[in-house]
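Visitor: Predicted model, plus sequence, below.
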Amino acid sequence: RIYESLLKLRDSSFWPEDLEFDFQSPTISTYNAFANQVFRDNALALGYESDAQLISEASAFQLAREVCVRFGSDVSGTLSDLELNIDTLVEKVIELARALNDNGQTASNLQGEIERTVDHIARLPKKAGEEVSSRFGYVDTIVEELKPAPLIAELAEIFQKEKKLRSMVDYSDQVALALRAVNEFPEAAESIRGTYSQVMLDEYQDTSVLQTKLLSNLFGSRSVFAVGDPNQSIYGWRGASASNLDEFDSDFGTAKIF
């Protein structure tokens, strides 16, 4: 439909006189579908089967539960320390595995950040008028809620490894592995760049950190047109960041804002 509309535009008085008449039909996909194609084109080089199965929610839950039961006592704490029922733990493992993927982080990075945060909180001044407590009560609640995260992150990384062993991927894996392919195989990146002369990015406010890295690594300093709405309220969906719109010019080299 878009291609036919372009043909009509080409034959109208609105078509610029100095612009070429010949062009190919545009390639249109979601961000994840594009990333998935990049991943599958380079799957073998990344150590995956090109027909790796997209894991369903039910299969992800079943596998994560198996990981929690089998490896829960092998990580740097024990499941009993978490005071969570198994289903809640499984959900948190899946959620954190995807969050680590979406933000390009590891369990050790997360643990280091938490340790720095807890250390900073421990050095906060005493609340005025109180001699016993060294900080506001709600701050201690924050610290308590952070404590399970490193253990859950370790289980999340084991979950990721088990998925790879079974030739399974999820949506966050598609983008992470596509970014790996672009970074590790320059010839693959050049092939993709040579395929597209114009790039249009829609709903850009919903892109994740990793999606932005993938797109900017491929198309930075080239002809890229992005459309986004800073007033939409779904930031955080699959790692989406509200800062992506503001940082478009630095991510892609330079920009003119309309």
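Guide: Perfect, I can see it now.

Visitor: How many neighbouring residues does S243 have?
Guide: By other C-beta atoms under 10 Å, the residues close to S243 number 13. Any C-beta I mention is one placed from the backbone N, CA and C, and that applies to glycine too.

Visitor: Next, the contact list for it, please.
Guide: For S243, the contact set (C-beta atoms under 8 Å, 6 or more residues apart in numbering) is empty.

Visitor: mind checking how far D249 is from F21?
Guide: Taking C-beta to C-beta, to the nearest Å as the measure, D249 falls 32 Å from F21.

Visitor: These two: which has the busier surroundings?
Guide: Taking other C-beta under 10 Å, D249 and F21 do not tie; D249 has more neighbours (11 against 8).

Visitor: Helices along the stretch 1-150 of the chain, start to end?
Guide: Assigned by DSSP state H, counting those that start in this stretch, the stretch 1-150 of the chain shows helices spanning 2-10, 31-41, 43-46, 57-71, 79-82, 86-102, 107-122, 137-146, 149-165.

Visitor: Might you list the low-confidence residue ranges for the stretch 101-250 of the chain?
Guide: 126-135, 233-239 (pLDDT under 70).

Visitor: mind running it again at 80?
Guide: Judged by pLDDT under 80, the stretch 101-250 of the chain has its weakly predicted residues at 124-140, 232-242.

Visitor: Where do the strands of it begin and end?
Guide: Ranges of strands in the stretch 101-250 of the chain, per DSSP state E, counting those that start in this stretch, are 168-169, 199-201, 224-226.

Visitor: Neighbouring strands - and their directions - for the last one?
Guide: Strand 224-226 has the following strand partners under DSSP bridges: strand 199-201 (parallel).

Visitor: Name the residues of the strand it pairs with that are buried.
Guide: Buried positions in strand 199-201, judged by neighbour count with 16 or more other C-beta atoms under 10 Å: 199, 201.

Visitor: So that it lines up with my notes, have the first residue be 826 from now on.
Guide: In the new count, where the first residue is 826, that last one comes out as strand 1024-1026.

Visitor: what's next to that strand, contact-wise?
Guide: For strand 1024-1026, the surrounding residues in contact (C-beta under 8 Å, 6+ apart) are 1032, 1040, 1044, 1047-1052.
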